[in-house]
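> Here you go, sequence then predicted model.
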Amino acid sequence: MDLKTWSAESSSEILLCGGFTQVPGPPDEYVLTLTTSGLYVQRLKGTPGVPEVVRHSDCLGSCAFRGPPADPLGYYFIVTTYPPVGRRRRELCLTFRVGGSPDPEANRQTAETWARRITQLATPDVPTHGGAEYSLLPRPCQLLIFLNPHGGHGAALSLFKEHVLPMLSKAEIGFSLIVTERPNHARELAREKNLDRFDALVVMSGDGLMYEVVNGLMDRPDWSVAIKKPLGILPAGSGNALAASVNHYSGHKQVMNPDLLINCTFYLCKGLVSPMDLVSIITASGKHIFSFLSVAWGFVSDVDIESEKYRMLGSIRFTIGTLVRLTALRTYKGRVSYLPAEEEGTSASTTIPGLLDPNSSHSERLSFGTQARQNSIYNFCNSNNMGTMEGCGGHQRGGDIPTLEDSLLAPLDQSVPKHWTVVKEEKFVLVLAVQQSHLGADLFSAPMVTGLNDRLIHLFYIPAGIPRSSLLKLFLAMEDGTHMTHNCPHLVHVPVKAFRIEPFGSKDIITVDGEVIECEPLQGQVHSGLGRLVNGGRKS
Ligand SMILES: Nc1ncnc2c1ncn2[C@@H]1O[C@H](COP(=O)(O)OP(=O)(O)OP(=O)(O)O)[C@@H](O)[C@H]1O
C-alpha cells in the first residue's frame, strides 16, 4: 500500500476514526480509520508512516473483550485477518486497547462499536438476485465434516490439524468430525443421518468424497430439502477440481495444496453460500447419479483411473498418467449427441417453472408428480417406461415425495429428440462433459466457466485422428487454460444443456466426477442451482 493508493482510496466513506494503542508490544499510538474500502492502521510515533490497510475481504471479523484485572480502565478489540502474502493467505491478528476515556464503560462501548462494524464489513455481500438460494452460514455455526484419511497422499488429518482447525476456532465455528472408514461411508451417512443440527456438510478430501455426499443426499426420501443443505469443500485429495474451480471463480490465483486448502477454509469461515448446478445422469441400467463436476469417457477417464497407482505422488500422478496413456493412445467407439444451449434456450420459453428458470424460487423448482409431467416440455415419462427409472429421466418417488424431472431427456431406448445434434464421428480420443472450470488443481480445462451456477454443461470432444503431439500440447496448455486459444482443429467445444454418450463396447472406463461407473449408454441434463456450496463469491 503506497501513499498514492491511500489518498485515492481515502475518498471512500469514513465510518469510524479513533486513536488506540496496539498490544502487545511498545505502547505506540495508532490512528485507525474504518472506511467502506478497508481498515487503515497508521502508526503515530515519529513521522507518521504510511497506513497499512486491512481489506474487508481478507478479514474474518473482530471481537471486543475486557482487559486483564491490572487494566480496569481499558477495553480491547481484536481484528482477525488472513491477507494474501505471495500465493498464501497468512493469519494476522491485530489487537488494540481502547483507553481514551476515564470512564471504563465508555471504553467498552467504543471497543464494541469497532468490533461490530468491522465484523459487519467483513461479512460478504449476499447477491440479491438469486433470492433464498444465496445466503450466509448462520452464526453460531455447526459443521459436519467428513474427512477421508486416504484422500490424496493420505495427509488429510494432519492438514486438517495444521491449517483448518486454527482458522475454524478463530472464526468460532463448531464442528463434528467424521473420519471415513471405507468407501461409501460418507454416502451412507449423508443418506441416513439426521442432519438437522448441522448448518453445512463439509468434505475434506478430493472430489470423490463430495460425489458420495451429493449422491447420499439425493438418495434420501427428503432429498429435495437435504440437497439444499450447504456443502463445503476443503481440498485434501489428489485432483481437487471443485476446490480449484471455486478458488478460480473468486478471482484468486491458481494454487495447489496447502495454499488452496487455506483459501477454501477461509471461504468456509466467511460463509457465503451460492447455488450450484448439478447434472442428473441416467444410465441404461437405470442408475440415477448426480454430478457436480464431470463425465469423462476416453483419454481423460483412462488417465484418471490408470494413474491411481501413482496416488502417493499427489497431483503429479495425472501428468505421469497423461504421458503413459499418450504412448499407448487409443480410440473409443460410440455415439455422442447433445442439446445445444442456444437451441434449448429458445424452446424453453414455455418451460416448467424452476427447472430451467434460474430466477424461480426453490419451492417452484421442485415439482410434484403429475403436475410436473403435464408441464414438462420434453417429458417422455408418459411413454413406455412410465413408473420405472430406466429411460424415464426422472428422480422418481412414490406418494407425495417430490419428483425431479429430467424434462430434456428422452428415454435411453429411444433416439434423441429431433432438435438434438448427433455428432457425425463415431470414433473419439476423448469425450468430456464438465460444469466446473477445473478438472484438477492445475488442470484449467474449461476457462469459459465463470461460476457454480452458469446453467451449462461444456461438452468437449476430440474425434480420432489427432496427432499425439497436438494432444500433448493441449494437455500442457491446460495447466493455465490457454489450450482454448490454440484453435486446435481437433478439439470441439459446445455449451449444452443435455448430452448423451453411447459407447459401442462395454470395456471402456467412464467416470462421473472422477468415480468409475459401468461402461454403458448414459445421458445427463443440467439442473440449475439444485445444490448449494459455500464458496468465495465471484470476481466482479
Ligand atoms: N476410509 C477410507 N478408506 C478407503 N477409501 C475411502 C475411505 N474414505 C473414502 N474413501 C474413498 O476414497 C476414494 C477417493 O477419495 P477422494 O476422491 O475424495 O480423494 P482423491 O481421489 O485423492 O481426490 P480426487 O478425487 O480429487 O482426485 C473415494 O472413492 C472414496 O469413496
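Right, received. Where do you want to start? Note that the structure is predicted; figures quoted are calculated from it, not measured. Numbering: from 1, shown residues only.

> hey, let's count contacts and neighbours off CA atoms from now on
Noted.

> tell me the contacts of the closest residue to T128 other than its chain neighbours?
Ranked by C-alpha to C-alpha, 6 or more residues apart in numbering and with sequence neighbours excluded, the top spatial neighbour of T128 is Y134, at 7.4 Å. Contacts were defined as C-alpha atoms under 8 Å, 6 or more residues apart in numbering; by that measure Y134 touches V126, P127, T128, L272, V273, S274, P275.

> Recalculate using a threshold of 7 Å.
Y134 makes contact with V126, P127, V273, S274, P275 under the criterion C-alpha atoms under 7 Å, 6 or more residues apart in numbering.

> Arrange those in TSV, one row each, with pLDDT and neighbour count as further columns.
Formatted as TSV, the contacts of Y134 follow (pLDDT from 0 to 100; neighbours: other C-alpha atoms under 10 Å):
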residue	pLDDT	neighbour count
V126	92	17
P127	86	15
V273	97	28
S274	96	28
P275	96	25
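
> From these, which land in strands?
Among the contacts of Y134, the residues falling in strands (DSSP state E) are V273, S274, P275.

> mind exporting the host helix or strand of Y338 as CSV, just the C-alpha atoms?
For Y338, the host element (DSSP states H and E) is strand 332-340. As requested, C-alpha coordinates have been extracted for strand 332-340 and formatted as CSV (Å, rounded to 0.1, in the frame of the first residue of the first chain):
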residue,chain,number,x,y,z
TYR,A,332,-13.1,-45.2,-28.3
LYS,A,333,-16.1,-46.1,-30.4
GLY,A,334,-19.6,-44.8,-29.8
ARG,A,335,-22.2,-42.1,-30.4
VAL,A,336,-22.4,-38.6,-28.8
SER,A,337,-25.4,-36.4,-29.0
TYR,A,338,-26.3,-33.2,-27.3
LEU,A,339,-28.9,-30.4,-26.9
PRO,A,340,-27.0,-27.2,-27.7
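
> Parallel or antiparallel, list what pairs with it.
Looking at strand 332-340 with DSSP bridges, its partner strands are strand 421-422 (antiparallel), strand 427-434 (antiparallel), strand 492-503 (antiparallel).

> Show me which residues of that strand are buried.
Judged by neighbour count using 16 or more other C-alpha atoms under 10 Å, the buried positions of strand 332-340 are Y332, K333, R335, V336, S337, Y338, L339, P340.

> Save those as a markdown table, and put in pLDDT too.
Conversion of the buried residues of strand 332-340 to a markdown table gives the following (pLDDT from 0 to 100):
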| residue | pLDDT |
| --- | --- |
| Y332 | 97 |
| K333 | 98 |
| R335 | 98 |
| V336 | 98 |
| S337 | 98 |
| Y338 | 98 |
| L339 | 98 |
| P340 | 97 |
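
> Can you tell me which of these lies closest to the ligand?
Distances from the buried residues of strand 332-340 to the ligand were compared by C-alpha to the nearest ligand atom; the smallest belongs to Y332, at 23.1 Å.

> count of residues packed around the closest residue to E502 other than its chain neighbours?
On the basis of C-alpha to C-alpha, 6+ apart, the spatially nearest residue to E502 that is not a chain neighbour turns out to be P521, at 4.1 Å. Using other C-alpha atoms under 10 Å as the criterion, P521 is surrounded by 21 other residues.

> State which helix of the protein is the longest.
Secondary structure of the chain read by DSSP state H shows that its longest helix is helix 104-122.

> mind listing what the next helix or strand after that one pairs with, with the direction of each?
Using DSSP H and E, the helix or strand that follows helix 104-122 in sequence is strand 135-136. Each strand that pairs with strand 135-136, with its direction, by DSSP bridges: strand 272-283 (antiparallel).

> Excluding chain neighbours, what is closest to F290?
In space, not counting the residues next to it along the chain, F290 is nearest to S280; the distance is 4.8 Å by C-alpha to C-alpha, 6+ apart.

> Identify the spatial nearest neighbour of P417, chain neighbours not counted.
Nearest residue to P417 in three dimensions, chain neighbours excluded: A410, at 6.6 Å (C-alpha to C-alpha, 6+ apart).

> do you know how far that neighbour is from the ligand?
Remark: distance between A410 and the ligand (C-alpha to the nearest ligand atom, to the nearest Å) = 30 Å.

> now do T322
When C-alpha to the nearest ligand atom is applied, the distance between T322 and the ligand equals 14 Å.

> repeat for S245
12 Å.

> can I assume that residue sits in a helix?
Yes. Residue assignment for S245, taken from DSSP: H, G, I helix; E, B strand; the rest coil, places it within a helix.

> Residue numbers of this protein in contact with the ligand?
Neighbours of the ligand within the chain, by C-alpha under 6 Å from any ligand atom: 148-152, 180-184, 205-209, 237-240, 514.

> which residues sit in contact with E181?
E181 neighbours (C-alpha under 7 Å, 6+ apart): none.

> what's the answer for the one 5 residues further on, then?
Listed by C-alpha under 7 Å, 6+ apart, the contact set of A186 reads F146, T180, L209, E212, V213.

> pLDDT value on it, please?
The model reports A186 with a pLDDT of 98.

> Around the closest residue to the ligand within the stretch 1-150 of the chain, count how many other residues there are.
Closest approach of the stretch 1-150 of the chain to the ligand (C-alpha to the nearest ligand atom) occurs at N148, with a separation of 4.5 Å. The burial count assigned to N148 is 27, neighbours taken as other C-alpha under 10 Å.

> wait, isn't it in contact with G206?
No. With contact defined as C-alpha atoms under 7 Å, N148 and G206 do not form a contacting pair (8.4 Å).

> who's F20 bridged to?
Beta-bridge partners for F20, by DSSP bridges, are Y30.

> Please list all residues in contact with it.
Contacts for F20 (C-alpha under 7 Å, 6+ apart) come out as E29, Y30, V31, F96, R97, V98.

> What is the burial count for the nearest residue to the third one once chain neighbours are set aside?
Take V31 and drop its neighbours on the chain: the residue closest to it by C-alpha to C-alpha, 6+ apart is G19, 4.5 Å away. Using other C-alpha under 10 Å, the number of residues around G19 comes to 19.

> Surely G19 touches T33?
No. Taking C-alpha under 7 Å as the definition, G19 is not a contact partner of T33, at 9.0 Å.

> Give the helix, strand or coil label for the residue nearest to D103 when sequence neighbours are not counted.
When the adjacent residues along the chain are set aside, D103 lies closest to L73, with 7.0 Å between them (C-alpha to C-alpha, 6+ apart). For L73, the reduced secondary structure class is coil; criterion used: three-state DSSP.

> Same check on S238?
Classification of S238 using three-state DSSP returns coil.

> surely it meets G206?
Yes. With contact taken as C-alpha under 7 Å, S238 and G206 are classed as touching, separated by 6.3 Å.

> How is the chain divided into domains?
Residue ranges for each domain of the chain read 3-122, 135-277, 280-525, as given by automatic domain parsing.

> ok, of those domains, where does mean pLDDT dip lowest?
Going by mean pLDDT, the lowest-scoring of the domains of the chain is domain 280-525, which has a mean of 80.

> How far does that one sit from its chain's centre?
If you compare the mean C-alpha spot of domain 280-525 with that of the full chain, they lie 18 Å apart, counting by C-alpha atoms, centre = their mean, to the nearest Å.

> ditto for stretch 151-162
Stretch 151-162 has its C-alpha centroid displaced from the chain centroid by 20 Å (C-alpha atoms, centre = their mean).

> Likewise for stretch 30-42?
Relative to the centre of its chain, stretch 30-42 is centred 32 Å away, using C-alpha atoms, centre = their mean.

> could I get the strands paired with strand 332-340 as JSON lines with distance to P447 and mean neighbour count?
As requested, these are exported to JSON lines (distance: least, C-alpha to C-alpha, whole Å; neighbours: other C-alpha atoms under 10 Å):
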{"stretch": "strand 421-422", "distance to P447": "24", "mean neighbour count": "16"}
{"stretch": "strand 427-434", "distance to P447": "11", "mean neighbour count": "22"}
{"stretch": "strand 492-503", "distance to P447": "12", "mean neighbour count": "21"}
